[in-house]
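*Asks:* predicted coordinates and the sequence they were generated for:
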Amino acid sequence: MQSEYVIIGAGSAGCAIAYRLAEAGRKVIVIEHGGTDAGPFIQMPAALSYPMNMSRYDWGFSSEPEPHLGGRRLATPRGKVIGGSSSINGMVYVRGHAGDYDHWAEAGAQGWAYADVLPYFRRMENWHGGDNADGWRGDSGPLHITRGPRSNPLTRAFTQAGQQAGYPLTEDYNGRQQEGFGAFEATIWKGQRWSAANAYLKPAKKTGNVEVVQALAQRIVIKDGVATGVEVLRKGRVEVIEAQAEVIIAASAINSPKLLMLSGIGPAAHLAEHGIDVVADRPGVGQNLQDHLEMYIQMAATKPVSLYTYWNLLGKAALGAQWLFTRKGLAASNQFESTGFIRSRPGIRYPDVQFHFLPLAVRYDGKIAAGGHGFQAHVGPMRSPSRGAITLKSADPNEAPRIVFNYMSTEQDWIDFRKCIRLTREIFAQEAFAPYRGRELQPGSDAQSDEALDDAIREHAESAYHPCGTCKMGAADDPMAVVDPQTRVIGVDRLRVADSSIFPQITNGNLNGPSILVGEKASDHILGRQPLASANAEPWFHPHWETAQR
C-alpha cells in the first residue's frame, strides 16, 4: 500500500492537513488507530464527559506519580477515534493570545508570529459570533464556531460579576481583545459537535483523494536518513505503508514523540537504553512537556437554577431524546458559555489566568459535588514555568510511554495558583451572585492560609487536558528543537511533525484551535506554497498593564 503522503493521526491537525492536501489534488493515506466517531456520546455536545472516559475512544493514558501533587497519577485523555481529541474534548474554541505566537517567533519559530498565523485562523474559521466588520474573524472556513445561548442566570451572573470586580468586558476574546469577561465560543454547529473529522476529514474523503486506514503505527521506516513509509500493525499483521513524498506525524503530544523515539529519533542515550538504533540524536524529543493545571472552585447554589435539575436518569433521557430528534435543547450545548481572561498581577502584559464557568458543580468524570445545586469555575495559570517529559518504558509500540508533567515544580507555580483561587473567590463574592451564592464546596471556606490552599491544590488540582511541546519547533541550530519552522524533523528528510507537540510554549487557553492552526499552516509548507500574507492587526493590551492588575 502506498500514497503520495502518509499522515499518522486523524486528529485536529491531521484532519486539517488531509483536507488541504486533498484540496490540492494530492493523494493521502491517514493512519488512525481508533474507529468511528458515529454515535451520540461523541456528537451530542452535552455528553462530553462520556467519550473521554471510554476506552473505545480514549488512549487511557495517565501520568506517573506526580512528585509535587502528593504522588497522584493524573488522567491524560487523548482521542483514539476519528477526529482525535477534537472528538472527545470540551469543544471550547480559543485561539490563544497574540503574545503567545510572538513568543514562538522570538524563540526561533520564525514565520509563526501572530501577524503570520492570524491569516490561517481566518482561513479555518466559519464564525457565527456577531458582526465581523473589523475583519478579525474568518467567515468561510471549514470550522464552524458558535456561541451558546447563555440562558442560565448563573452563566450571565458570572460575566456580570467579572465586570463588578473591575474587569473589562470583551465582545470577542478571539478577536482584538482577549482580556476580560464575555461569551465562550465552541466548535458546535447546528447542535452537534463540529470536530476536525466533521469539519475537515469527511469532506476530504469525499474528494476521493483521502483513504483512512485503521492501524497502529509502530515506527517510521527510514532509509539513509530519508523517511520512506510507516510500519503498522493492521488486522494482526505487520505491513509497511509507503510514502512517495512525505510522512507527516500528527499523533498528539504523547504519541508523536513516542513514535519518533521508536523510530530512532530522540535522545541517543535514552534510545540506547531500549536497544533502539539511533537515526538522529535529537535530545529535545519528548522534553518540554507542558499542560494547563486547574482547580474547580465550586459553590453551592441557594436556588434550583443549576443543571442539577437534569442530573438524573430521567432528566438526562429527556434531554437526550430532545437532542436526538431536534438537535436542540440543553444537550446541544457544552454548557461552557461564559469565560474570563485576566492578568494575575501588575506587570503581566497579557492574561495569564483563564476561567471556564459551568452552571453545575461537577467533575469531568461526572461526579457531582455535594449532591445538589451548585456552580463552578475552572481556573488555573496559563503559563506555568514547570516542564515535564515523555520517555519510553520499552521498545514495544503497544506499551504506553512514561508521562511525567512535573506539575507545580517551581515556587512561582504555587504563588500563581493561590492567586487564581483568591481571585475566583473575589468574583463569586460580587453582587451578581448574591441571589444564588451558598457555601463554598471546594476548596472550602476553611482553606484560607497559603498552607491550606497548597494542600487543596495537591489534593484537587486536575489537568485541563492540554499537553503540548514535546517536539518543539525552533531554529535548526537549536539543540533542543525537533522540527524547524517548516515543521520538518531536523536530521531526517521527508518527515514532518505537525500537531500540538511542536508548540515551543503552551498557548493561552484551550489547545484545539491552535492545534488545527498548526495543521492549516503546515499544509502550505508541505505543498511548497508561499505562506499567506502577514496580517496588519494591532491586538489590545491593557494600557496600564505595568502598574494595574485590572
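*Replies:* Received it, and whenever you're ready, just let me know what you need.

*Asks:* might one say that residue 519 is in contact with residue 9?
*Replies:* No. Judged on C-beta atoms under 8 Å, residue 519 makes no contact with residue 9 at a distance of 10.0 Å. Using the backbone N, CA and C atoms, a C-beta is placed for each residue, glycine as well.

*Asks:* who touches both of the two?
*Replies:* Counting by C-beta atoms under 8 Å, 6 or more residues apart in numbering, the contacts common to residue 519 and residue 9 are 250, 499.

*Asks:* distance between the ends of stretch 334-346?
*Replies:* Across stretch 334-346, the terminal residues are separated by 33 Å (C-alpha to C-alpha, to the nearest Å).

*Asks:* check contacts around the nearest residue to residue 21 once chain neighbours are set aside.
*Replies:* What sits nearest to residue 21 in space, not counting adjacent residues and going by C-beta to C-beta, 6 or more residues apart in numbering, is residue 28, at 5.1 Å. By C-beta under 8 Å, 6+ apart, the contact list for residue 28 reads 3, 4, 5, 6, 7, 18, 21, 22, 204, 209, 210, 211.

*Asks:* any residues touching the helix or strand where the first one lies, and which ones?
*Replies:* In this structure, residue 3 is located in strand 2-8 according to DSSP states H and E. With contact meaning C-beta under 8 Å, 6+ apart, strand 2-8 is reached by 14, 17-18, 21, 26-31, 211, 217, 229-230, 241-251, 259, 526.

*Asks:* neighbours around residue 135, how many?
*Replies:* By other C-beta atoms under 10 Å, the residues close to residue 135 number 12.

*Asks:* what is the mean pLDDT for the next helix or strand after the strand holding residue 3?
*Replies:* Going down the chain from strand 2-8, the next helix or strand is helix 12-23, by DSSP H and E. Helix 12-23 shows a mean pLDDT of 98.

*Asks:* which helices and strands sit right next to helix 12-23?
*Replies:* strand 2-8, strand 28-32, helix 196, helix 202-206, strand 210-214, helix 512-526 (3 or more C-beta pairs under 8 Å, 6 or more residues apart in numbering; DSSP states H and E).

*Asks:* which of the ones you listed is buried the deepest?
*Replies:* helix 196 (a mean of 32; mean count of other C-beta atoms under 10 Å).

*Asks:* what is the burial count for residue 397?
*Replies:* 15.

*Asks:* any figure for the gap between it and residue 353?
*Replies:* 39 Å (C-beta to C-beta, to the nearest Å).

*Asks:* what's the first helix or strand after the top helix by length along the chain?
*Replies:* Assignment by DSSP state H gives helix 411-428 as the longest helix of the chain. Downstream of helix 411-428, the first helix or strand assigned by DSSP H and E is strand 437-442.

*Asks:* between helix 411-428 and that following strand, find me the angle.
*Replies:* With axes from the mean of the first three to the mean of the last three C-alpha atoms, to 10 degrees as the basis, strand 437-442 and helix 411-428 are set at 160 degrees to each other.

*Asks:* shaky segments in this structure?
*Replies:* 364-366, 370 (pLDDT under 70).

*Asks:* if we use 80, what do you get?
*Replies:* Low-confidence regions of the chain, defined by pLDDT under 80, span residues 133, 363-371.

*Asks:* what helices and strands are in contact with the lengthiest strand in it?
*Replies:* Longest strand in the chain by number of residues, with DSSP state E as the criterion: strand 237-249. If you count contacts as 3+ C-beta pairs under 8 Å, 6+ apart, strand 237-249 packs onto strand 2-8, strand 216-223, strand 226-234, helix 252-262, strand 495-497, helix 512-526.

*Asks:* strand partners of that strand, parallel vs antiparallel please.
*Replies:* strand 2-8 (parallel), strand 226-234 (antiparallel), strand 495-497 (parallel) (DSSP bridges).

*Asks:* what sits against the nearest residue to residue 233 once chain neighbours are set aside?
*Replies:* Among residues not flanking residue 233 along the chain, residue 216 sits closest, at 4.5 Å (C-beta to C-beta, 6+ apart). Contacts for residue 216 (C-beta under 8 Å, 6+ apart) come out as 33, 232, 233, 234, 397, 398.

*Asks:* against residue 187, how distant is the second one?
*Replies:* According to C-beta to C-beta, residue 232 and residue 187 sit 29 Å apart.

*Asks:* what about the helices in the chain?
*Replies:* Along the chain, the segments classed as helices by DSSP H run 12-23, 40-43, 98-106, 114-124, 153-164, 196, 202-206, 252-262, 268-273, 313-326, 411-428, 450-460, 512-526.

*Asks:* now those in a markdown table, with distance to residue 289?
*Replies:* Converted to a markdown table, the helices of the chain look like this (distance: least, C-beta to C-beta, whole Å):
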| stretch | distance to residue 289 |
| --- | --- |
| helix 12-23 | 18 |
| helix 40-43 | 27 |
| helix 98-106 | 17 |
| helix 114-124 | 22 |
| helix 153-164 | 32 |
| helix 196 | 23 |
| helix 202-206 | 30 |
| helix 252-262 | 7 |
| helix 268-273 | 14 |
| helix 313-326 | 36 |
| helix 411-428 | 15 |
| helix 450-460 | 19 |
| helix 512-526 | 15 |
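
*Asks:* which of those helices sits most buried?
*Replies:* Buried most deeply of the helices of the chain, by mean count of other C-beta under 10 Å, is helix 196, with a mean of 32.

*Asks:* return the list of helices and strands in contact with that helix.
*Replies:* helix 12-23.

*Asks:* what do you get if the cut-off is 10 Å, keeping everything else the same?
*Replies:* helix 12-23, helix 512-526 (3 or more C-beta pairs under 10 Å, 6 or more residues apart in numbering; DSSP states H and E).

*Asks:* so how far is it from its chain's centroid?
*Replies:* 12 Å (C-alpha atoms, centre = their mean, to the nearest Å).

*Asks:* numbering from 57 from now on, please.
*Replies:* Shifting the count to begin at 57 puts that one at helix 252.

*Asks:* now do it: everything it contacts.
*Replies:* With contacts defined as C-beta atoms under 10 Å, 6 or more residues apart in numbering, helix 252 is touched by 66-72, 74-75, 93, 135, 138-143, 198-199, 243, 258, 568, 571-572, 575.

*Asks:* go again using 7 Å as the cut-off
*Replies:* 67, 68, 71, 72, 139, 140, 142, 572 (C-beta atoms under 7 Å, 6 or more residues apart in numbering).

*Asks:* stretch 152-161 now?
*Replies:* Under C-beta under 7 Å, 6+ apart, the answer for stretch 152-161 is 168-170, 173, 234, 405-407, 560-561, 563-565, 570, 595.
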